[in-house]
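Asks: I would like the atomic coordinates for the input below:
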Amino acid sequence: MKKKILLCIAVVSVFSFNIYSQKASLASADKKYDSYAYINAIKTYERVVEKGYKSAIIFQKLGNAYYFNAELDKAAKWYGELFAMTTDLEPEYYFRYSQSLRSIGENDKANEMMNKFNQLSSSDNRGQLFKKNENYLDAIKENSGRYKIENAGINSKYSDYGTTIYNNKIYFATARDTGSLGHRKHSWTDQFFTNLYTADLGEELTPGAPKKFDKSINTKFHEATPVFTKDGKTMYFTRNNYLEGKKGKDGNNVNLVKIYKSTLVDGKWANTTALPFDSDNYSTAHPTLSPDEKTLYFASDMPGTLGQSDIFKVKINEDGTFGNPENLGNVINTAGRETFPYVNDEKELYFASDGHPGLGGLDIFVSKMNANGTFNEVQNVGADGNSPKDDFAYVIDTKSRRGFFSSNRDGGQGFDDIYKFLETRKLICEQLLYGEITDKETKILLPDAKLSLYDSQYNIVNTTTSDEKGNYSFAVECGKKYSVRAEKTDYTTIEEKVTIAKENGKTYFPLALEKAKCKVTVGDDLGKCFGIKRIYFDFDKSDIRVEAAIDLEKILDVMNEYPKMKLDIRSHTDSRGSFKYNESLSDRRAKATIGWLIKNGVNPNRLIGKGYGENQLINQCSDGVKCTEEEHQMNRRSEFIITAL
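Replies: Modelled structure (predicted):
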């Protein structure tokens, strides 16, 4: 196996560091239905800022609004304002700002932000294209002890490898056929060229007696690693560059390998042709099909390979033609060899590699495939499936958890041997991440919200939609960190992080969305559109503070947008202090609020208001009743009641 370079071709993939976000449209702020007004809070925030009022929270909301809508140039502007005001921010903002800066060509500053991001969040590897795990032996140890392994019972003293399970049969390559005078040895391996053999599978996937596969497929050169469509009418397999008695060679006079396609006609394999992306100048080998049979995965050293050989994929079109091969990227591939890919019906990609940290030679690795075709981190399957020698060509039946792999490990029968295994514990621990989507203010359940799940590297893992009861769920891996993004028309997009427990189970993660557009009518409190619960004044005073002016600018902006709108401004206190004092103080503050709006251009006839002191408590916290500070806070409030539209 060590020198079987023509058949053991590795595939490397490029790390995908994309941030995917889907644009959502925002309706015009002046849209009206009947007597309702729809307030676009984001536009109001922008107009407030343009007047010189600055707030870190506003800049965060503006930056996030454009970032989530993929308008990164605008996000860069507002994140820039945010960082100019403060750098005491969560690491996530350094990452978002870096990505936004890169979109406008400010790479040096983007790198500066990413370095800071890595300092603040050293365990998060999004800022790295590839990071070697110095403790990989500990990880391999944790992944070990999961297999019962035995000789498959079909090996010879020659090379036997590369199994495929199909229709209760096993198919494999073997060099055992020495009887023919035309049978030849490969000059690099000193092994006979391989042919395809098959054996029936009994209970527990135990192979019966091997026999030769179809003689129209086997030639005097290498054949290996077949894969069949579910209907059994099409087969893809690996062969030396040899068709219809003609041998192809590259510019160095070397006979490479290609992937061939053959179809079953009247019970016989015919119409054998090389795939259109094959070449005399590079090798393609070890095809495997996705469960839906729309994608073919294979190994190659074709142009675009990152290492010695990489794993690629190619789309199979409905008319049988093929798309352009795509490198899977450097999450999967390395500067070494990646080869023998296999994709199961649980969206797991198994492959062999000598580039990822392993025990020696080729090791078997696995990565979970995401909905968008990207891959989660690569994991070594453990010391049972791997050895200091070459271990490769892993296949598994996901229902029985039984399968086969090939190895030239010590103690084998031949040059390479096929081993049978039972997986007693799955490598990838899974949990159910679930919850409901609600309106933050009304607590009403929200159906048809779009949920997007991202891994720690910000690759999209999956998407779903909340059901009629507002519920959603994702299958996630134990011990991982994820981000969940929730989007719904007329609501502000949010994104929250969640860490999954390390054992099997469920993680409850509800999400509440804020209205992006307030629907208000006569009798409603305009302040609720912007979360204004109170206008802040200094203790025992009624002068307008900076914080109060920012909130009042929002009210002013809406009144300018709706010139017929009239307000009743009400100021309330809690019950502490004398009744008369509270009434007088609240009245002064209500009048100060009205005065500020009039000073900034609002016609006095559009405003009324007064202070109510402790006359309109909204809970039980009257004089003599023991209440918490939070309960008293509920009574200290400002209201902007709409009296006309």
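Asks: okay, CA-based contacts and neighbour counts for the rest of this
Replies: Fine.
Asks: if I pick Gly385, what's in contact with it?
Replies: Gly385 is in contact with 147, 149, 364, 391, 405, counting by CA atoms under 8 Å, 6 or more residues apart in numbering.
Asks: pLDDT score for the second one?
Replies: What it means is Ile149. Looking at Ile149, its pLDDT stands at 96.
Asks: Now stretch 421-430: average pLDDT?
Replies: 87.
Asks: Give me the domain ranges for the chain.
Replies: Following automatic domain parsing, one finds the domains of the chain at 32-120, 139-423, 431-513, 521-644.
Asks: Residues touching the longest helix along the chain, excluding its own?
Replies: If you go by DSSP state H, the chain has its longest helix at helix 579-599. Contacts with helix 579-599, where a contact means CA under 8 Å, 6+ apart, come from 537, 540-544, 552, 556, 569-575, 604, 607-614.
Asks: Show the buried residues in the residues you listed.
Replies: In the contacts of helix 579-599, burial by neighbour count holds for 542-544, 552, 556, 569-575, 607-614, counting by 16 or more other CA atoms under 10 Å.
Asks: Return the subset of those residues lying in helices.
Replies: Per DSSP H, the subset of the buried ones among the contacts of helix 579-599 in helices is 552, 556.
Asks: Where do the strands of the stretch 351-500 of the chain begin and end?
Replies: Applying DSSP state E, counting those that start in this stretch to the stretch 351-500 of the chain gives strands spanning 363-368, 379-380, 391-397, 402-407, 417-423, 430-439, 450-454, 460-465, 471-477, 481-487, 494-499.
Asks: residue contacts, Glu326?
Replies: Applying CA under 8 Å, 6+ apart to Glu326 gives the contacts 312-314.
Asks: give me the low-pLDDT residue ranges for the protein?
Replies: The model of the chain has pLDDT under 70 over residues 1-39, 68-70, 99, 103, 123-137, 178-192, 242-255, 360-361, 536-540, 542.
Asks: And the helices in it, which stretches?
Replies: Using DSSP H, helices in the chain cover 41-50, 56-68, 72-85, 91-103, 107-120, 136-143, 546-561, 579-599, 629-635.
Asks: tell me the angle the first one makes with helix 56-68.
Replies: Between the axis of helix 41-50 and that of helix 56-68 there is an angle of 130 degrees, by axes from the mean of the first three to the mean of the last three CA atoms, to 10 degrees.
Asks: neighbouring contacts of helix 41-50?
Replies: With CA under 8 Å, 6+ apart as the test, helix 41-50 has contacts from 29, 58, 61-62, 65, 516-518, 529-530, 550, 553-554, 557-558.
Asks: which of these are buried?
Replies: 29, 58, 61-62, 65, 516-518, 529-530, 550, 553-554, 558.
Asks: Check those against Val484 and report the nearest one.
Replies: Comparing the buried ones among the contacts of helix 41-50 against Val484 with CA to CA picks out Ala65 as the nearest, at 15.6 Å.
Asks: wait, isn't that closest one in contact with Glu487?
Replies: No. Ala65 is not in contact with Glu487 according to CA atoms under 8 Å; the separation is 11.3 Å.
Asks: Could you measure from Ala501 over to Ile42?
Replies: Note on Ala501: its distance to Ile42, by CA to CA, to the nearest Å, is 36 Å.
Asks: Likewise for Asp363?
Replies: The gap separating Asp363 from Ile42 is 53 Å, by CA to CA.
Asks: Then Thr87?
Replies: 23 Å.
Asks: Compare those two (neighbour count), which wins?
Replies: More crowded of Thr87 and Ile42, by other CA atoms under 10 Å: Ile42, with 19 against 11.
Asks: Pairing partners for Tyr342 in the sheet, please.
Replies: When bridges are called by DSSP bridges, Tyr342 pairs up with Tyr350.
Asks: Spit out the contact partners of it.
Replies: By CA under 8 Å, 6+ apart, the neighbours of Tyr342 are 288-289, 297, 349-351, 393-395.
Asks: re earlier: find residues that contact each of Ala65 and Glu487.
Replies: Joint contacts of Ala65 and Glu487 (CA under 8 Å, 6+ apart) are Thr493.
Asks: tell me the centre residue of the chain?
Replies: Nearest to the geometric centre of the chain sits Ile460, at 2.3 Å (CA atoms, centre = their mean).
Asks: Can you tell me how far it is from Thr234?
Replies: Distance, Ile460 to Thr234, by CA to CA: 33 Å.
Asks: circling back to that earlier point, quick one: the residue nearest to the centre of the chain from Ser571, how far?
Replies: Taken as CA to CA, the span from Ile460 to Ser571 is 47 Å.
Asks: next one: Gly435
Replies: Using CA to CA, Gly435 is found at 38 Å from Ser571.
Asks: Now for the nearest residue to Asn240 once chain neighbours are set aside: which residues touch it?
Replies: Residue nearest to Asn240 in three dimensions, not counting chain neighbours: Val257, with 4.0 Å by CA to CA, 6 or more residues apart in numbering. Val257 is in contact with 6-7, 238-241, 282-285, counting by CA under 8 Å, 6+ apart.
Asks: Could you measure from Val257 over to Lys51?
Replies: Between Val257 and Lys51 the distance is 69 Å, computed by CA to CA.
Asks: likewise Phe405?
Replies: 69 Å.
Asks: And these two? Which one has more around it.
Replies: Set Phe405 next to Lys51 and count neighbours by other CA under 10 Å: Phe405 wins out with 24 against 10.
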